[in-house]
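A.B. asks: Provide a 3D model corresponding to the input given below.
(4 chains)
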There are 4 protein chains.
Amino acid sequence: MSGETMPEKIGWEVSVAPVGSMAMLSRLEVVKLRDAGHGGLHELFRRCALAVLNSGAHSDDARALYEQFSDFRIEIDQEERGIILRMLHAPALAFVDGELIRGIREHLFAVLRDIVYVSEEIEGRVDVASSASITDAVFQILRNANALHPGEDPDVVVCWGGHSISRAEYDYTKSVGYEAGLRGLQICTGCGPGAMKGPMKGAAVAHAKQRIPAGRYLGFTEPGIIAAEPPNPIVNELVIMPDIEKRLEAFVRAGDGIVVFPGGVGTAEEILYLLGLLLEPANASQPFPVVFTGPASAGDYFRQIDAFIRATLGDAAAARYQIILDDPAEVARVMRAGLDEVKHHRRTTGDAYFFNWTLTVPHEFQMPFEPTHESMAALDLGRDQPAHELAANLRRAFSGIVAGNVKDQGRRAIEREGPFEMRGDPVVMKLMDELLKSFVAQHRMRLPGVEYSPCYRLVA
Amino acid sequence: MSGETMPEKIGWEVSVAPVGSMAMLSRLEVVKLRDAGHGGLHELFRRCALAVLNSGAHSDDARALYEQFSDFRIEIDQEERGIILRMLHAPALAFVDGELIRGIREHLFAVLRDIVYVSEEIEGRVDVASSASITDAVFQILRNANALHPGEDPDVVVCWGGHSISRAEYDYTKSVGYEAGLRGLQICTGCGPGAMKGPMKGAAVAHAKQRIPAGRYLGFTEPGIIAAEPPNPIVNELVIMPDIEKRLEAFVRAGDGIVVFPGGVGTAEEILYLLGLLLEPANASQPFPVVFTGPASAGDYFRQIDAFIRATLGDAAAARYQIILDDPAEVARVMRAGLDEVKHHRRTTGDAYFFNWTLTVPHEFQMPFEPTHESMAALDLGRDQPAHELAANLRRAFSGIVAGNVKDQGRRAIEREGPFEMRGDPVVMKLMDELLKSFVAQHRMRLPGVEYSPCYRLVA
Amino acid sequence: MSGETMPEKIGWEVSVAPVGSMAMLSRLEVVKLRDAGHGGLHELFRRCALAVLNSGAHSDDARALYEQFSDFRIEIDQEERGIILRMLHAPALAFVDGELIRGIREHLFAVLRDIVYVSEEIEGRVDVASSASITDAVFQILRNANALHPGEDPDVVVCWGGHSISRAEYDYTKSVGYEAGLRGLQICTGCGPGAMKGPMKGAAVAHAKQRIPAGRYLGFTEPGIIAAEPPNPIVNELVIMPDIEKRLEAFVRAGDGIVVFPGGVGTAEEILYLLGLLLEPANASQPFPVVFTGPASAGDYFRQIDAFIRATLGDAAAARYQIILDDPAEVARVMRAGLDEVKHHRRTTGDAYFFNWTLTVPHEFQMPFEPTHESMAALDLGRDQPAHELAANLRRAFSGIVAGNVKDQGRRAIEREGPFEMRGDPVVMKLMDELLKSFVAQHRMRLPGVEYSPCYRLVA
Amino acid sequence: MSGETMPEKIGWEVSVAPVGSMAMLSRLEVVKLRDAGHGGLHELFRRCALAVLNSGAHSDDARALYEQFSDFRIEIDQEERGIILRMLHAPALAFVDGELIRGIREHLFAVLRDIVYVSEEIEGRVDVASSASITDAVFQILRNANALHPGEDPDVVVCWGGHSISRAEYDYTKSVGYEAGLRGLQICTGCGPGAMKGPMKGAAVAHAKQRIPAGRYLGFTEPGIIAAEPPNPIVNELVIMPDIEKRLEAFVRAGDGIVVFPGGVGTAEEILYLLGLLLEPANASQPFPVVFTGPASAGDYFRQIDAFIRATLGDAAAARYQIILDDPAEVARVMRAGLDEVKHHRRTTGDAYFFNWTLTVPHEFQMPFEPTHESMAALDLGRDQPAHELAANLRRAFSGIVAGNVKDQGRRAIEREGPFEMRGDPVVMKLMDELLKSFVAQHRMRLPGVEYSPCYRLVA
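C.D. replies: The predicted structure follows:
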């Protein structure tokens, strides 16, 4: 169905030795992971493991991956040093001369750790009606994954942007990562290729030059997106959050500032989530540095985004970010200065450097949105609602399009029932239509080589 | 009420800076820790914290401690680097020139970590009717406390013995620890002075000589005993298990071999627990090195213990341990050799080096025993039951005497209602009476300087 | 005189804080370093420091650098934590937002360390008539610089090649470094841009993916070449050898295998040195993996080099290397296999993994060659001498051309007296002429943008 | 000849694996170490190695040791990981179940490192007529041994005192070490048992409690004393200085304050050296904390020392130290406060925290004193000289008595020619006689069990 080349698979069985404390499971945890039945975790684990092993493949089609590797097997055994994994028909890409790349090995065990933890400790304990309880869960998952570092100043820069970007844009993301790394900043992304990988590569070189041995490359993903955007092995703190909304909350609470590169609907979803939060009156005094940036060639792109935001959410939303073109060092300097403010604010308010507790994330931003033909059609996309509520709904709309584009379940729904229909205010519909069309035209919807057929239909 | 000298208290408020990841609590966890009401954790935390701070005091009287420091206050605040503790009227002993000893600082945060974890993650999730579920909880508490090290061979020697022992016996425990440390062994004890401290001091010096920077000094305690036997600051892996039975299970699953020094009723409780397990038919093939040892002067003591075991549990029980007098190097060599067998067995059976999953701990050994006048009177101490069941009941009998001797609740019950009465087979009663009388005569019941009045009465 | 852009200089004075043990100098050492007179080390230190600070500049013209920064000042002071450096008019490139890049800071202190050590400990103690004594000095300088790691297997791959190479060639060197890094190999180069930097960048990313925190990026330079080829800040083990010949000996004794990328006369010098050694009969049984490699486009280049070697040194020389085009993974696999042989050989012969003592470096390869019009004219370039002697002389010829191209002293001599003249066997002269002309045509002599006028004249 | 028990020797050959960078020797260095002839280092190395292996033996008789182990053999080989040592007939004490204690293994390689370094780098380069050059050598030996730590504040407390002390005194030295360790201080001694070992043991336990993983236990010795006072394996920075005077200079330049416990003539030598320096007018403004301390029972001892100092060197000398009896915590507090002053002084004067450059050590204190019957007889012990010169001569007198008591060469001279004769001012002679007699009476001259026959005769 596409020009993407699928990775080869290995024919032999491999054993994957345990990695430190991530490989200590209890007997009951092992039973649950092995359980392929309803309520068991085996299929979830198998799919995430496959996605992790597929790192580096030039494909963003989760469904094709699962089909291609339908015979992939993974088994869990207890040995003297911890849990050992046995795999058959794994993607060959993950191996160098028959040996699994160690970064990928760690990712496999990170998947194990997070799936078990969420299943054991979080599900059933979270009170979904309580915003505080959901935030508590986000914190606990991150803490359990050692992704919160109490000894450090606020220095985590979240980089958002497309997985399908041009070479010039990719090189630009590397430069920004490099300049950020030179200034001691750490990089957090949503995993995957493109704008999620470039900043980490750049920062890794800069950290080497600055002799920062503990460079952090955080990757926050979730089971629905991991196959389309597998973590780069540079990621040394991988966390699999249970759903999109907790992943987004992880970004804004564990990250201290955000850089947005050119991207597609996923990036638009993230921007709307972020602006929705920052428009929330309770967050008015939160310092939160946000920069939209790209090479000079991305000027039009950002002007269009900016126009869309101003037209839908108003100028107050636009006051929350800064657009910088073609100046990686300036981006890094602005972030550095912004983080100094964040640090000052956290110390003054007694908030933790490692987790932004004082940020308000309204309950409507926390509730998982399940994109179906019904839920998409029911979204209120009118302008006669407070800006942060419109932001929340627009976020859901884009989230649904991401699902229809690259997620397994979403793609099946579209195949079965045709594109999602969304209705709303004609002005908003028109703006959205233009934005989406430009994403299509700029090949930001899917990786190049895949012809894009829209998974949505806008009705004014 | 005793000749014990109570420690001075400091008059000023001190702030205790956070210690690494132990100091990262969620907002809801802080709320629970601050909650002084029913269901809240504050009083439990306050008492354990006080016990930890009292380290080094020459007292084993929990009740006196709590009364002496009834005005001790501890508060929990969130700051930028994590949780900060503020204390008033803390024991002066814990400080050097006004600064809290760092080992004790770590212990405070270990208390915090374990109390929160047990409350949040374990209680309510454990199925008390399921032996596997209880074992799972023991594992999870230890894993959460970083007390399981997947990278290491089985090398943890548990040392049991009295907190109130003679100088010669104490020096002997140091020598055994020294010889064990020279052979690369790690030390785990129940915390507290005497035989729980000596082996660690000896091992610390030996580890220095052998350039073992990661020497492990594990201390497993529980809220009921911590005040009478506060952890020595050398302990660098302190775990507060929720009750006696989980603490005992932690010893036999995370420990790989056991050395028993002279002790009193607590030690007798531990011996009976251990032999009860090892007599369990399912454990027949478990290699588990056990050595009873002391200086030459302890010869009579061990002969008496040995006789008691043979008379109550039979020679099969006595086959499970070896008595070595006055030869610390030989004790270490026997342990070293025993651990090699353990390692071989774990590898062969695919069991973890860091947690003995294949040991069977019968459910009756896992169920908490609450010593009251009723439950003590109801114990079946007759010889007409299988040896491991008699062991379990004798274990409970001694456990009750420990409570009556040094625990806060037990001492109150005795004061209120007089000594516990126990009934049983005249032969067993006679043996027990002799054993207990000898403990009294040898000052093994309480620290010297305290006149002992028995908390029990044996009825044949 | 060229289109190269010289870096800006900073106007302010900066203090450079000491770096660990490299910053501990004795009072007498400080006196020597401050001494700007004859016999003092100040000017040597100033020049090397300037070169190090110039890292990243697009210029290979040492002389221009020294002229541009004639007002650069560096002073040495003792402070409580060690030696502090104060600089004025330093190149701005070395700073990020006013702070010196930490890798460059380390390089400054490496320069300090090596200049002092060579002056104090080596000069005057070395018996220049003794090959063993010279080798001893090479060893001692490397040991003092912590560039010998006794705990590691032979895993240091030396990468040689041009500083002025095409983008395709540069990307190729990165790929080879990446594939080598994935296989756990470490990278050693002569410092500088191009083929000396690419493999390190590639390896740094691969080491991150393979979680190799102690990735080694060794740079061996000498005072004459450092200004033209300043070390990249990724280099984390910089050693300033006292002269070309000791630098070359360091490569072949501390390196375990060699990859040669396309390059110019410097690379030719290195190839001839290496082949001269390997043709030495005493080294017949030395396993020493050597691969010449480049992208497909470099095919002609290597065919020409190969032809030159076969025509001058014979097919036996050509048997010592393997040419691999356009296959970075294969290069890494061949090196990996070669190093396994090296390891086996060292263990069998009891030679150190960290220093190849059993390699014979004949005295004529150790004696410094001072290129002057006289010494260049006197070189015997005839074929009527043993191959390894011809190799030694050809090596000197290319060494002289390097000096005339980019070294300060060499360029002054050429300006003063015109090109070096070399005479020899017409066949050799013709081959050499063709080779050099092709270097010129391919812009391998100097960085692009500089028009090249030859510093030599060949007379048949 | 004595009641001392000599250690057993092992019958088998053992190989000692290399220890890190200490085991990297050049081929020429190996040749020198193997050279048993005149100018070779083999016998020196063999003797020091034997002394190190003898650690823990209850003997201070170097000569007896050498005789007992006259068949001890040690050989040096190059292997792939560095230098390997092969030994035959080594003292059994150094082994645990056939394996060399790792601390002793490190000491063997420290001996190797220092002997080679002094021979290669120092001898021949030092200008013995220049005080600065001698100081330079002291610095370089310490730097090469990694015994100078630039990252740390002045925190090295030198502990002097007897190797032959009572149990109460020994326990007291442990307590002082413990209190010092609790306050983050590091311990430096002259190696050996008694007052050289106790403070380290105490500090090791305190460092464990304070979680100071990088506790430093420096031992400075020299080839003449090492056999009588072998380093305790706790010592983790052992340096073999070439002679007594450089060892003393190392103490006062690398140490930041000094605690003196009861001792014998060796301790008296050290006290006189120290006071001689501090009386030197150039050192008038040097802050240098000095405490004489012991248990209450040592009160008479210190009163006598104090009287001797006041009578010979004057009250100005006595103003330089403080006597504290029976209060370990106070000793530690006084040191801590004194070191804060030292830190302030170093920062103000720009002197290094790790080496006291600004202290003046007059040339007469640096020149080695060779005690012979002639040189001892020639000492000017009259009071008609400046105090610091009398101190220098008294220092030499006591140094000679140490040699006659326990050093190999000294003991041979005494056996051959009878006791050393010393002449001087009757008052000084009388004071000295009383002091020495009290040392004899208190068994401070030699270890208990050895009957002491004086090696000196005082003539008024």
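A.B. asks: only C-alpha atoms for contact and neighbour calcs from this point on.
C.D. replies: Will do.
A.B. asks: convert the worst-scoring helix or strand of chain A on mean pLDDT to PDB, retaining C-alpha atoms only.
C.D. replies: Least confident element among the helices and strands of chain A, by mean pLDDT, DSSP states H and E: helix A:62-68 (a mean of 84). Extracted in PDB, the C-alpha atoms of helix A:62-68 (Å, rounded to 0.1, in the frame of the first residue of the first chain):
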ATOM      1  CA  ALA A  62       1.700   1.100  12.500                       C
ATOM      2  CA  ARG A  63      -0.700  -1.200  10.900                       C
ATOM      3  CA  ALA A  64       1.600  -2.200   8.100                       C
ATOM      4  CA  LEU A  65       4.300  -2.900  10.700                       C
ATOM      5  CA  TYR A  66       2.000  -5.200  12.700                       C
ATOM      6  CA  GLU A  67       1.000  -7.000   9.600                       C
ATOM      7  CA  GLN A  68       4.500  -7.400   8.400                       C
END
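A.B. asks: in it, what's buried?
C.D. replies: Judged by neighbour count using 16 or more other C-alpha atoms under 10 Å in any protein chain shown, the buried positions of helix A:62-68 are A:Ala62, A:Arg63, A:Ala64, A:Leu65, A:Tyr66.
A.B. asks: for the strand or helix carrying A:Val440, packing partners?
C.D. replies: Using DSSP states H and E, A:Val440 sits within helix A:426-441. Helix A:426-441 sits against helix A:299-312, strand A:456-459, with contacts defined as 3 or more C-alpha pairs under 8 Å, 6 or more residues apart in numbering or on different chains; DSSP states H and E.
A.B. asks: partners of the last one, with directions?
C.D. replies: Yep, that's strand A:456-459 we're talking about. strand A:420-423 (parallel) (DSSP bridges).
A.B. asks: grab the nearest non-local neighbour of A:Tyr117.
C.D. replies: A:Ile141 (7.3 Å; C-alpha to C-alpha, 6 or more residues apart in numbering or on different chains).
A.B. asks: quick one: secondary structure of that neighbour?
C.D. replies: helix (DSSP: H, G, I helix; E, B strand; the rest coil).
A.B. asks: A:Val118 is in contact with that one, correct?
C.D. replies: Yes - using C-alpha atoms under 8 Å, A:Ile141 makes contact with A:Val118 at a distance of 7.1 Å.
A.B. asks: roughly how far does the residue nearest in space to the middle of chain A sit from A:Trp160?
C.D. replies: Centroid check for chain A by C-alpha atoms, centre = their mean gives A:Gly190 as the closest residue, at 2.8 Å. The gap separating A:Gly190 from A:Trp160 is 7 Å, by C-alpha to C-alpha, to the nearest Å.
A.B. asks: again, but for A:Asp425
C.D. replies: Counting by C-alpha to C-alpha - A:Asp425 and A:Trp160 are separated by 28 Å.
A.B. asks: these two: who's more crowded?
C.D. replies: A:Trp160 (27 against 14; other C-alpha atoms under 10 Å in any protein chain shown).
A.B. asks: so what sits against both of A:Gly190 and A:Trp160?
C.D. replies: Counting by C-alpha atoms under 8 Å, 6 or more residues apart in numbering or on different chains, the shared contacts of A:Gly190 and A:Trp160 are A:Met196.
A.B. asks: how far off centre is stretch A:148-165?
C.D. replies: 11 Å (C-alpha atoms, centre = their mean, to the nearest Å).
A.B. asks: what's the end-to-end length of that stretch?
C.D. replies: For stretch A:148-165, the end-to-end distance is 30 Å (C-alpha to C-alpha).
A.B. asks: hmm, A:Pro328 is touching A:Asp171, no?
C.D. replies: No - A:Pro328 lies out of contact with A:Asp171 (C-alpha under 8 Å); the separation is 10.7 Å.
A.B. asks: ok, the two, which is more surrounded?
C.D. replies: Remark: of A:Pro328 and A:Asp171, A:Pro328 carries more neighbours, 22 against 19, as counted by other C-alpha under 10 Å.
A.B. asks: so which strand or helix has the residue of the stretch 301-450 of chain A at minimum distance from chain C?
C.D. replies: Closest contact between the stretch 301-450 of chain A and chain C, by C-alpha to the nearest C-alpha, is at A:Arg333 (8.3 Å). Secondary-structure element containing A:Arg333, defined by DSSP H and E: helix A:328-349.
A.B. asks: report the buried residues of that helix.
C.D. replies: A:328-329, A:331-336, A:338-346.
A.B. asks: for that helix, packing partners?
C.D. replies: For helix A:328-349, the elements it packs on are helix A:167-182, strand A:257-260, strand A:290-294, judged by 3+ C-alpha pairs under 8 Å, 6+ apart.
A.B. asks: need the next SSE after that helix, C-terminal direction.
C.D. replies: For helix A:328-349, the following helix or strand on the C-terminal side (DSSP H and E) is helix A:363-366.
A.B. asks: which stretches of chain A have low pLDDT?
C.D. replies: A:1-7, A:448 (pLDDT under 70).
A.B. asks: can you give me the strands in it?
C.D. replies: A:13-16, A:73-79, A:82-88, A:95-96, A:99-100, A:156-160, A:186-189, A:217-221, A:237-240, A:257-260, A:290-294, A:322-325, A:420-423, A:456-459 (DSSP state E).
A.B. asks: residues in contact with the fourth one: which ones?
C.D. replies: Read that as strand A:95-96. A:Ile101, C:Leu182, C:Arg183.
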